[in-house]
Structures are given as structure tokens and as C-alpha cells.
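K.L.:
The sequence and its predicted three-dimensional model are supplied below.
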Amino acid sequence: MRAAEPVKAPGAQLAGAGISGRRILAAKAEGRAALVGYLPVGYPDVDTSLDAMRALCRPGDGPGVDMVEIGLPYSDPILDGPVIQRAGTTALKRGVRTRDVLRAVEAVAEAGATPLCMTYWNLVDRYGVDAFARDFAQAGGAGLITPDLTPDEAEEWMVASEEHGLDRIFLVSPSSTEERIIATARACRGWVYATAVMGVTGARQRTSSQAPQLVARLRELAPDTLVGVGLGVSNGAQAAEVGSFADAVIVGSALIKPMLAAEDAGTPADLSGLRAVVADLAAGVRSA
Amino acid sequence: MRAAEPVKAPGAQLAGAGISGRRILAAKAEGRAALVGYLPVGYPDVDTSLDAMRALCRPGDGPGVDMVEIGLPYSDPILDGPVIQRAGTTALKRGVRTRDVLRAVEAVAEAGATPLCMTYWNLVDRYGVDAFARDFAQAGGAGLITPDLTPDEAEEWMVASEEHGLDRIFLVSPSSTEERIIATARACRGWVYATAVMGVTGARQRTSSQAPQLVARLRELAPDTLVGVGLGVSNGAQAAEVGSFADAVIVGSALIKPMLAAEDAGTPADLSGLRAVVADLAAGVRSA
Amino acid sequence: GHYGIFGGQYVPEALNAALTQLDREFDLAMADPAFVAELNRLRVEYSGRPTPITELPRLSALAGNARIVVKREDLNHTGSHKINNVLGQALLSKRMGKSRVIAETGAGQHGVATATAAALLGLECRVYMGKVDTDRQALNVARMQLLGAEVIAVESGSATLKDSMNEAMRDWVASVDDTHYLIGTVAGPHPFPRMVKEFQRVISTEARAQLLERYGELPYAVAACVGGGSNAMGMFADFIDDPEVKLYGFEAEGDGIPTGRHAASITGGSIGVLHGMRTYVLQDEDGQTVESHSISAGLDYPGVGPEHAWLAASGRGTYEPVTDAEAMEAFKLITQTEGIMPAIESAHGIAGAIRLGRRLAEEQPDLSPLICVCLSGRGDKDVASALKWFDLDGTPDETVGGF
Amino acid sequence: GHYGIFGGQYVPEALNAALTQLDREFDLAMADPAFVAELNRLRVEYSGRPTPITELPRLSALAGNARIVVKREDLNHTGSHKINNVLGQALLSKRMGKSRVIAETGAGQHGVATATAAALLGLECRVYMGKVDTDRQALNVARMQLLGAEVIAVESGSATLKDSMNEAMRDWVASVDDTHYLIGTVAGPHPFPRMVKEFQRVISTEARAQLLERYGELPYAVAACVGGGSNAMGMFADFIDDPEVKLYGFEAEGDGIPTGRHAASITGGSIGVLHGMRTYVLQDEDGQTVESHSISAGLDYPGVGPEHAWLAASGRGTYEPVTDAEAMEAFKLITQTEGIMPAIESAHGIAGAIRLGRRLAEEQPDLSPLICVCLSGRGDKDVASALKWFDLDGTPDETVGGF
């Protein structure tokens, strides 16, 4: 573990920001936090999931998300709450494959948002880390969010991400030590994913009081690092609140819920609920 | 255990023979073995069981048994085979009581046969050994056959039987040692019950080859003792065979079978089957 | 063969030779260092003896000032003290040249233990079990069959333990030449009560030494549940000659003695003859055996070993009844405070010890009595009964991850 | 935290602090004589250690020239080696000031063991168990509840063991402040594989001394079944540095590797990341975990402890698969020849040892190899499975006394 001295990454605003960091900085230039929306590829099926991601980017007349966190469904998603589990498990049952993420990347890029991928590590490991990085970058992807890969085990990924110019978004948590916050921020490229609560994904009634504290610790220990806050944001008001102290607001379960509701209603391709939530969130990050 | 010297009971033919021994000697005087028939009191009900015992004594025109071994049904009859178990268990379910044996004694005595009682010891123990002996003798009973009481545990019974003039019929078996055959014969009054086989009660296809051997050992070790042979005799021919070497032939299950059959046929009071078996047996002991 | 007026040999003459042989061979075997060494080897290497004693601080906190220690017979191979006896008798069978053993069993514990010893020593094995019991304990029937034993259901009488003893006796009368009847408790005709006591004596021999070593003193009392009474006799044996150590036997009171639905032969029975011995028996006015009732299959027997009858009558031992409800409360307490799920049999002993501890705290508040209870067996076999009692059905407390 | 390329810590950052604390506290505890003494006291006085080694002459006669000896972990309190680990981790939880433990369980053995240790030490306990497992093992659900634990059915994924691990991880991410996740095997993120190995090491420490004392030599091989691999790692630990002692791990081959219905991660899987570790995993082309299949619930896991992966990859250990059919044949053989009914898990180890003995008799007829197998648990829990396999239904062989 390195010594606990604040990161002064000179290129944080430049090379260190990576593709996705630059997108956040663009939002910052508009005086607002960036909005990151999570959707799993393959739910309710691959094609509809691509439509849903397009709807994330352009929900209607107003603005959409800045970045899409494309989730890769996995059999053993230990950081996911029930909503994402249901969507992911259903997608797997319906045959989604790792390679489908590449189509999703293209769709998101075409729709004007920055494509990231959120994936448990075994899927990348199995694909081959370098091969995945290569294909992902080639499809237009910006980087990976890795919920079960910390910098400690990331040697191969550091090399591959450098090689293929991909962002590395690692997670920090309220329980992270100073040393680890610094080291993780140093290992990231793009931004740092701050998990607002101790717990799994899922929309919560109230935003966490731990989130502002964690962001404050990050600001202090790694002042030049961009910070996205995830876990628990469910509506525009919460997005506005989080956007007031974070550089990016990440929303997942709240976007999937209307899709699950559509499926339950027998109209899985109906994205109107999703569009409404996105519109509310996009307005939220702009209202702060 | 006493030394292995042959019993020379001077009164074997007199006082030692007791009531039941004298009945055997009377049969002997006719040049035949005595016939002892077993029936449990209370099966199929008390009154019918008394009728059955009367039928044992006088099955029809011809002769019947010389003695009736009145069985007292017991909850845990460890020396009984399935036929007697069924009759006894049924009798208990229908409410037979220990005191009913006294009515049976009277009925048998009235019918001209000698009444004995075959009983597991706890029933006597519970009644009170002296009280039972007193009441039994008073009703006209000759003595007790005690399948689970050997002379070793019979101190109280020796006293009571002397007091009330009752016969003591203990069992010997093919596995009995010389010492025990002698001691048991000495403890008996009336006769000795030789169990023809190692096993429980029940009619058998063939008579046991152990029976003549056991009787021969008794004749040698206790020459003046009268010997009844039981366990397995089922028809006249077998009775004749056993009667050729024993002083008394004891039949049980073969008598109960027709009564069970009558119950199964819905005519529990029908004693015709029983009468036929008795007639055959009575003829058997007279044909040797 | 007698304990005061109790005990004896009330059996058909046909069994006398076998009982005499057994009596003699047992004495010869116990005097033969090779036999004793082999038995000891099996106890140590096969069954896992010595079993430990375990102090139960969290349970003791509920029992006045008592310090309750349990002797862990539940840790034996096959899960109870039963193995102590069957190893001894099975070895003795081999020594007598008998190639076959038969046994009676209630819920199946002694049957499983006998089948186990028979498999170990290559003996043929047949187990008699009441039809009522084979129906409700099908798993134990199969367990014996897996061990290579033949299981015979007994439909006569009340079709329970006492009838399976009767049937085993009937078998033995006919097969005594090549067969040993391996009785599972300190009951039956002489020499069984004596022999089984000696094979179970190891419980108290170990416990006495362990208590002295750990506490530097003899216990205030030793305690055990009593059905036939083999674990209790094993627990008492080496303490009988320590007059300062009280002996407590806890009988199964079922629904309560006044209800007539119990199995407390000493407290609620009367003197009689059953299964070859004179002892306390549950019987009616005529001497017919009355069915016993207990939630514990292993205590559900209408008689008791004759030496217990004698210890009770002579005042050396104290015998008290414990109801189903008291036993199940103790079952729950020891399970939840100590992580030891006892056989329901043993839970009667625990319940009695807790009651004793509480009573002593009132009567002699300055006393901190050390009470050693024989934990005769483990509760795995009784989980279904416990569920029923506590109205559980195996439903999880909550379900997550469903959609 | 790595074994060659295996092991590691593939977990959410949220757990890092807890794992780091655990790693440090474990080392401090093991260096603290008071902790070691307390753990040892519980092993001896509560669980009944040392467990014996038992030679199996009648079984060995079926295994070439081998002398098969079993280490009797089945004699432990709660019936398997699982207690060795839970006592250690539960004590450690208390030391870390955590008042609550959570655990995953498959058929329920580790859950019962954890609930037991929690009851003993007064810890709150929650057990996650796949919905498929709670449905088919309702008795074990109730057993944990009787011990005072809360049981949560997990419906996500395949609703079996691996999903209950996922759910326990999710709980832990949210509760790590006051909660210890008591993993039941040598799997999961560092330091679990190391810590569980150390708590299970007692198996081989005892066995090595016992073998040397009884036979005056080290064994030709030690053997054990391998699911997650905790009993095997315990059996191997003290022999790893004896190069002349071969280490055999026997994986569950289910219906056979070619059928795809098996649980042999080393023999029939590939390298991947699962449950926080890099190891051999059963996975599809994309890296999605594939469901494992074994008649033995305790081996029915699609991964394996990372040190086993390393022992296999390095050649120090030999890992072979054993089918359901081979294991059940061994289950029957040891039951009927030795009176020891093993857990079906352990029967895999026995089957492997018999096969090894026969193979050695052909290849090296002059060798009389001493093979020590870890008999990891008793078979009581598996009677129902065995019945089904052998097509028994608990019907007695015969009925007598009916009319």
C-alpha cells in the first residue's frame, strides 16, 4: 500500500480523465453533474435492450443521459440487488452473450452518449482480458466499471486498458481506508465510482448521508479526481441532491423498474415508463 | 444346583403324582397316554370359551381330553406362537379377567376332566400367589403349568401349592442340563411338561425328534416321574406317536385353529371343528 | 441374579442353558486380558472413547447455583451410549461361537447400534421392531438394512418395543444354539442387567476421573434419564459406592402420572414380573402390562432395570418423573444456549438437573452443586419430533432473491 | 493471498476493510496463547477431539493390498469436520467484537455447525440456503431454527449453494460493521482459504501423530473428498511438506464428466473467477457459472478452494473424479463391512481409496500401502438419499405376529 499522500495527478483533467472523464467535464462546463444510466444488455431481449439504451440517451424532446453503463448479465452478481438480478437473470435465460455488449456499445455511441461497461470480472477474464479490451475499444467503448475487481488484482487489466486506451473505473466505498482511496483514485482513469451506501444496488427511499462524506474524503485525498456517485438514486430530486456534490450521478435500478413493470404488463417493448424516469433524472441534474 | 443323581421320589406314584398325575395314571391303566387340551379362557368370549372347554371334555359320542390346560391370556406371552397369541390377545381385548379362570375351572371339573391352568407368572404374582392358589384350589383346580417360572424363582409358589394342595407342573426342554432335569422333576408335583422342540407353541408338520430323546433322558434321570409332551402336536396320528413314549400328550394350537376359523367364518360359537379335532386326538391316543 | 426382591430369571426353561452359558462366559471374558484389551481397543479406536465432559455455563445460569456438566455419550459412534453395550455383547457372542445376533428395538437406536456391531464383527443380525415403530421410523428400518441387518416388524400386542422384546425372546427360544439375544438395556433376565451395567460402567469410570481431574472433587450428584435404565446405570455404577454422591434418575412422565399416559415405572408403576425380571412395571389390576407413553421413544417402556428398582426401593437413588413438556423445554434450552441438541431421552435428564439446581438454590442457597448429567445421545434422530412439538415445519424465516 | 495464479481477492471494495481486518485479527489470534488455548479447550471439551483413526480390515480386504485407515471426523460434535472451522471463526468473531455471524449452506451441514457455534457463544446467526435446498432439506432448516438461527431461503440464480454464497456476500456488504461472514470451506476471497485451512489443520496434525504412533511410519498417501475442499485441505495440511506422502483428492463426478452433470471443478472445469477467488470453475464459454451435479450435497459446488487448484496445477496433489455410482458402492461397502455409515461426501474419498488400492495392487504388487482417508462426516443426514439410490423404502423384511 502506498503512503497516504493526496494524489496530484497532473493529467487528471486531461489524459487521466480519459474519454468518460472528458464527458463529465463537458457536463461540468454546463454547470451540472453528468448523468450515468445503467441498463443490462439483453433485457428484455437484446434488441429491445438496445432500444432502451437509445431511449436513455434520447428519452424524448429533452436531454437524456451523458453516459450509459451497459451491464453484462452474470450468473453470480454479488453486488446486485433484486431488480438488477431479475433483469440480468432473465437476460441470461433468454440467451444474452458477452459479445452482445459490443452491439450495445455501438448503439449507445451512435445515440450520442458515452458507452461504458459494468461487468463482473470473470466474463472479461474468460473472454481474454486483452481481447475484450481490444474488441470493446474497437466497438467504440470508453471503459469498464469493475464491481469485483479492485486495483489489487488488476495487473492484466491495467496493461490492456493502457494498450487499448480504455478507462478504468474502480469503486470506492464508505469503508475504504485513506490509503485505499488514494491508491484506487490513482489506479482509475476517467473517474472514481463512489458507492454511496454499504450495500448492494437498488433504489432507496432516501439518499445516503454517507455519500457526501465519502465524496468529501475523495476531494480531500484525491482532489483532481472526478467522482461519480451510485447506489440508491431513484428520481430527479435525489439526482439533483447528489449532483450538488458529485461530478456524476449514476442511476440503475430506478431505470430497470419501469422495464420490469412493462414486461409484467405484457408489453416488454413499451419504453414509455423508462423515458419518463430518464426525463425526470435529466431534469434533476440540471436543476441543482 | 444339586448333584446329578437320579430322582427316586418315593411318592411319585402316590402323593407326588398329585391330582393330575393320578389322572395320568388312570389313563395309563387303560393302556394309553393321557390327553391334555389347551384352550384360553375368554376366547372368543368367556361364555363360549367355557362351552369350548366342555366340548373338549365331551366332544360327542366318543371320549374327550383327560385334562384341560386353561390358558390365562397375558399381554406378553413370550412362549406362545401366533395362534395362541391371536386368541389370547382377542380375549384380552374383549375383557377377560384373571378371575374368569375360576369359572373355567368349575366348568371343566363339572365336565369330568381335570382342570389345570397354564399362566405366565405375573398374573399370579399380581393376584397374590397364596390368594390365587387358595381360590384356584377352592374352585376345583388341580394345579398350574408355569411357562416362565422355573423352580429357581418358585419359592413362594412351592409354599402356596403345598398349602393348597395344588400340582406344580414345570417345564423341561431339550437344552436342559442333567442337573436341571433332575432338579425340575424333583420340584414338580403331578408331572413334568417336556417341551418337544426348542421354540414357541404351535402346531407343526412333524413331531420333533427331540421329544423321544428328552423323554428318554427324563426316564433315565427321574424314572418315577410322569412326563407330558407338548409343543407341536396337531392331529391324531401325531398324538398316537407321542403317546407311544410319553405319559401325556398336550395339544394347544391345533385346538384353537378351528375356533379362529369359526370366528373368521362369522360363527364364533360354532364348536364343530373343535369337536372333530378333539375326537381325532382322543382316538389317536387310544390307537397306539 | 437378584437385587433385593428384584431381578431374577423369569424365563422359559429352554433359555436357562443359554443364560447360564452367558453368565459364565461373561465372567470369563471380563477376566481375560485379551478380551478386555480388544473391547477397549474398539472403544477407543472405533467408538471414539473416552467421551469428554462438557461444562454448560449458559445453561447453568438457568439452574440456580448449579454447575451442570454433561458426559458426552452423544459423541460416540452411532450417536449414543448404546454402542458401549453392543460392542461388549457382540464381542462376547463371537467368543461364545455364536454367529448370529438378534435384538429388539423401539425407535431404532439399539437396533442400529446392534446392526453396526454385527457389521463390524461379521455377525448375522436380525432386529425385531414393533410394527407401529417400523411405520413411523421407516428411515431407521432402512438404516439397519443398509448395515446388512434383517428387520422384522412385530404386529402382536401393542406392536411396540415391549412386543419386539417378546418376539426376540420367541426367536431366541428357537435359535439359542447359534444365536445371542443382544438386549439393549439393563433389563431382562439375569445376567443381562448385570452384564449391560458392566459394559456401560465405562461412562462413570471415565466421568469420575474426569470430574476429579477438572474440579478436584466428586460431584454433588450424578443424573440421567431412566427408561430401561442403561445409561443411568452406566452413569451411576462407579458412584454407587461414593455415599456423598447423590444418584438421580429421571423417568418419563409423558402427559403426567395422573393422566395414566406416562412411562414412569418406578414413580407410577408397581412391582411385577415382565420380560424375565421382577421389577417396577406399568400394569393393570390383573397384571396385564399397560402401554407406556412418552415423547421419547427410548424411554417408552413399561418396565425398568431391576437394579434401579432396588436403588429406588433402598433409597440409595432418587427417581423423579419429568413430563414431555418439561423435557422439551430443556431440549430447547440446551440447544439454544449451548449448541448441543440432545436426544429427547437425554433432555429428560437435563430437565431434571435444571429442576434440581433451582430447588437446591431455594433450599440451600449457599450450595454451588456440581451436577453431572449423562447426555446419553444426540438429538438428530428427534428433529422431526421436536418440530412437531414446537410447531415448526421447516419453512425458512424469509425468502429473498425471488421475482 | 495467492497460490500461484490462484486465489486472490475478487470482491467489491466495500469488503476490503473487513477482509483486511480479518486477515490481521486472524494472525494476532493465532499468535495469542489465550485464543489458542480457548480454541483447543472447545475442541477437546466440546467437540470431542482428538478424533481417533480407525483401521478398516474388512474393507481393506476389498482394496488390493492396501491398509485403509480412516480419520474419524464423523465423531465430532454435529457430525463432521465442519465444527473445526466454525469454532475457530466464531471465536474470532467474538474477538473482533462482531455480535452476528452469517453463513451460506448447501444441504445444511455448515449451517447447522454455524448455528451451533453461534448458540454456544451467544452470537446472532443468519444462514442463507438456496430455495431448492430449503425445500428438500426442511429438517435441516428446522434444526438451525431450533438452534436459534434465522434461515433465509435464496431464490435467485439456481437457488442452490452458490447462490446462497452470493446472497451472504450481499448481506455482508451491507452489514460488515457488526457481522462476520463465516465461510464454510477453503474458498472465497483471501484470507478465507488460508484461515479455514489453519482451522482444519488439526485433522492432519492429529492424524500424522496417530499414524506415526500406531504404525511407526508415515502413510503412503492421504486422501479425502473435495468439494470446496476444507476436509481435504485439513487432511493434507501437515503432510504437504512430507514429499513421500502422496495427496489424493477425489472430486464428485456425478453422472460422469462426459455427461456434463458433475461437480469436478479441477478435473472437468477451467480456470476462472468465482466467489472472490481465481480457481477452477465450472463455467460456460462466456464464463457464466454452470450448475454442478452430485448426489452429495456437500460436494455440489462449481468451484474449488484455490490452494487445491494450485496443488493440482503444480502436481503436488493428485485429483481424480469419483462418480455417484462409485461413491454409493463404497458407501454400501464400508457400511456393511465396518458398521460405519459415512456421509456421501466421505464415501467419495473411500471409493477413491479402494480404487487406488486396487490399482496399486496391479501396478506394484509388492507394496502394502497405508492409506489414510478423511472420513469427513457421518451418513445419518444421507439415509434418505441412500434409500432412494438403493431403492429401499423402509419396509421391513418380514412381519410377524399379525392376525
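P.N.:
That came through fine. Keep in mind that what you see is a predicted model, and the values were worked out from it rather than measured. Numbers count the residues shown, from 1 in each chain, chains lettered A, B, ... in the order given.
K.L.:
The lowest-mean-pLDDT helix or strand in chain C and chain D in contact?
P.N.:
Every helix and strand of chain C was ranked by mean pLDDT, DSSP states H and E. The lowest is helix C:131-136, at a mean of 88. Yes - using C-beta under 8 Å from any C-beta of the partner chain, we find that helix C:131-136 touches chain D at C:131, C:134. Quick note: C-beta positions are derived from backbone N, CA and C, even for glycine.
K.L.:
Close to chain B: what parts of the stretch 51-200 of chain C are there?
P.N.:
C:156-157, C:162-163, C:165-166, C:169-170, C:173-177.
K.L.:
Report the two of those separated the most.
P.N.:
The most widely separated members of these are C:Gly157 and C:Asp177, with 26.7 Å between them, by C-beta to C-beta.
K.L.:
quick one on the thing from earlier: who wins on neighbours among the residues of the stretch 51-200 of chain C next to chain B?
P.N.:
C:Met165 (31 neighbours; other C-beta atoms under 10 Å in any protein chain shown).
K.L.:
remind me, longest strand of the chain?
P.N.:
Let's take chain A. Ranked by residue count and defined by DSSP state E, the top strand of chain A is strand A:34-40.
K.L.:
looking at chain C here, not the other one
P.N.:
Chain C, longest strand under DSSP E: strand C:246-254.
K.L.:
Now do that one: which elements does it pack against?
P.N.:
Packing contacts for strand C:246-254, counted by 3 or more C-beta pairs under 8 Å, 6 or more residues apart in numbering or on different chains; DSSP states H and E, involve strand C:221-226, helix C:230-236, helix C:265-268, helix C:306-314, strand C:317-323, helix C:324-338, helix C:344-363.
K.L.:
tell me the mean pLDDT for that strand?
P.N.:
Strand C:246-254 shows an average pLDDT of 98 in the prediction.
K.L.:
Pull it out as PDB, backbone CA atoms only.
P.N.:
The C-alpha coordinates for strand C:246-254 follow below in PDB (Å, rounded to 0.1, in the frame of the first residue of the first chain):
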ATOM      1  CA  LYS C 246     -26.400 -38.500  45.100                       C
ATOM      2  CA  LEU C 247     -27.900 -40.500  42.300                       C
ATOM      3  CA  TYR C 248     -30.800 -39.000  40.400                       C
ATOM      4  CA  GLY C 249     -32.800 -40.900  37.800                       C
ATOM      5  CA  PHE C 250     -35.400 -39.100  35.800                       C
ATOM      6  CA  GLU C 251     -38.300 -41.100  34.400                       C
ATOM      7  CA  ALA C 252     -40.500 -40.200  31.500                       C
ATOM      8  CA  GLU C 253     -43.800 -38.800  32.900                       C
ATOM      9  CA  GLY C 254     -45.400 -38.300  29.500                       C
END
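K.L.:
Quick check: closest non-adjacent residue to C:Phe239.
P.N.:
Closest residue to C:Phe239 apart from its sequence neighbours, by C-beta to C-beta, 6 or more residues apart in numbering or on different chains: C:Val245 at 4.5 Å.
K.L.:
Give the phi and psi angles for the one you found, as a check.
P.N.:
phi -90, psi 120 (degrees, to the nearest 10).
K.L.:
list the contacts for it?
P.N.:
When contacts are counted by C-beta atoms under 8 Å, 6 or more residues apart in numbering or on different chains, C:Val245 touches C:218-222, C:239.
K.L.:
Neighbour-wise, which one of those residues leads?
P.N.:
Neighbour-wise, those (other C-beta under 10 Å) top out at C:Val222, 34 neighbours.
K.L.:
residues in contact with that one?
P.N.:
C:204, C:207, C:235-236, C:239, C:245-248, C:371-374 are the contacts of C:Val222 under C-beta under 8 Å, 6+ apart.
K.L.:
In its sheet, which strands sit next to the longest strand of chain A, and in what direction?
P.N.:
If you go by DSSP bridges, strand A:34-40 pairs up with strand A:67-71 (parallel), strand A:248-251 (parallel).
K.L.:
Could you pull up the mean pLDDT of it?
P.N.:
So the average pLDDT for strand A:34-40 ends up being 97.
K.L.:
Equivalent analysis for stretch C:46-66, please.
P.N.:
98.
K.L.:
Please report how far the closest residue to C:Gly234 other than its chain neighbours lies from C:Pro193.
P.N.:
Among residues not flanking C:Gly234 along the chain, C:Gln200 sits closest, at 2.9 Å (C-beta to C-beta, 6+ apart). Counting by C-beta to C-beta, to the nearest Å, the separation of C:Gln200 from C:Pro193 is 11 Å.
K.L.:
And for C:Ala115?
P.N.:
23 Å.
K.L.:
In contact with the residue of the stretch 101-250 of chain C found nearest chain B, which residues?
P.N.:
The minimum distance from the stretch 101-250 of chain C to chain B, using C-beta to the nearest C-beta, falls at C:Ala174 (3.7 Å). Counting by C-beta under 8 Å, 6+ apart, C:Ala174 makes contact with B:197-200.
K.L.:
run the last query once more with 7 Å
P.N.:
B:198-200 (C-beta atoms under 7 Å, 6 or more residues apart in numbering or on different chains).
K.L.:
okay, whatever residue of the stretch 151-288 of chain A ends up closest to chain C: pLDDT?
P.N.:
Per C-beta to the nearest C-beta, A:Leu260 is where the stretch 151-288 of chain A lies closest to chain C, at 7.9 Å. For A:Leu260, the model assigns a pLDDT of 96.
K.L.:
Are the host helix or strand of it and chain D in contact anywhere?
P.N.:
For A:Leu260, the host element (DSSP states H and E) is helix A:253-264. No - Helix A:253-264 lies apart from chain D when judged by C-beta under 7 Å from any C-beta of the partner chain; the minimum separation is 13.8 Å.
K.L.:
what's the following helix or strand after that helix?
P.N.:
Using DSSP H and E, the first helix or strand after helix A:253-264 is helix A:272-287.
K.L.:
I'd like to check the angle between that following helix and strand A:34-40, please.
P.N.:
Relative orientation of helix A:272-287 versus strand A:34-40 (axes from the mean of the first three to the mean of the last three C-alpha atoms, to 10 degrees): 160 degrees.
K.L.:
Helix A:272-287 packs against which elements?
P.N.:
strand A:34-40, helix A:46-57, helix A:236-243, helix A:253-264 (3 or more C-beta pairs under 7 Å, 6 or more residues apart in numbering or on different chains; DSSP states H and E).
K.L.:
Return the alpha-carbon coordinates of that helix using PDB.
P.N.:
Written as PDB, here are the backbone C-alpha positions of helix A:272-287 (Å, rounded to 0.1, in the frame of the first residue of the first chain):
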ATOM      1  CA  SER A 272     -42.500   5.000 -22.100                       C
ATOM      2  CA  GLY A 273     -42.000   4.400 -18.400                       C
ATOM      3  CA  LEU A 274     -38.300   4.300 -18.900                       C
ATOM      4  CA  ARG A 275     -38.400   7.600 -20.900                       C
ATOM      5  CA  ALA A 276     -40.300   9.300 -18.100                       C
ATOM      6  CA  VAL A 277     -37.800   8.300 -15.500                       C
ATOM      7  CA  VAL A 278     -34.900   9.400 -17.600                       C
ATOM      8  CA  ALA A 279     -36.500  12.700 -18.300                       C
ATOM      9  CA  ASP A 280     -37.100  13.300 -14.600                       C
ATOM     10  CA  LEU A 281     -33.500  12.400 -13.800                       C
ATOM     11  CA  ALA A 282     -32.100  14.500 -16.600                       C
ATOM     12  CA  ALA A 283     -34.100  17.500 -15.400                       C
ATOM     13  CA  GLY A 284     -32.900  16.700 -11.900                       C
ATOM     14  CA  VAL A 285     -29.200  17.000 -12.600                       C
ATOM     15  CA  ARG A 286     -30.000  20.300 -14.400                       C
ATOM     16  CA  SER A 287     -32.000  21.800 -11.500                       C
END
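K.L.:
if we look at stretch A:149-169, which residues are touching it?
P.N.:
A:18-20, A:116, A:121, A:129-130, A:133-134, A:136-137, A:141-145, A:170, A:183-184, A:187-191, A:193, D:8-10, D:13, D:16.
K.L.:
near chain C, from these?
P.N.:
Okay, of the contacts of stretch A:149-169, nothing touches chain C (C-beta under 7 Å from any C-beta).
K.L.:
what stretches of chain C score poorly on pLDDT?
P.N.:
C:403 (pLDDT under 70).
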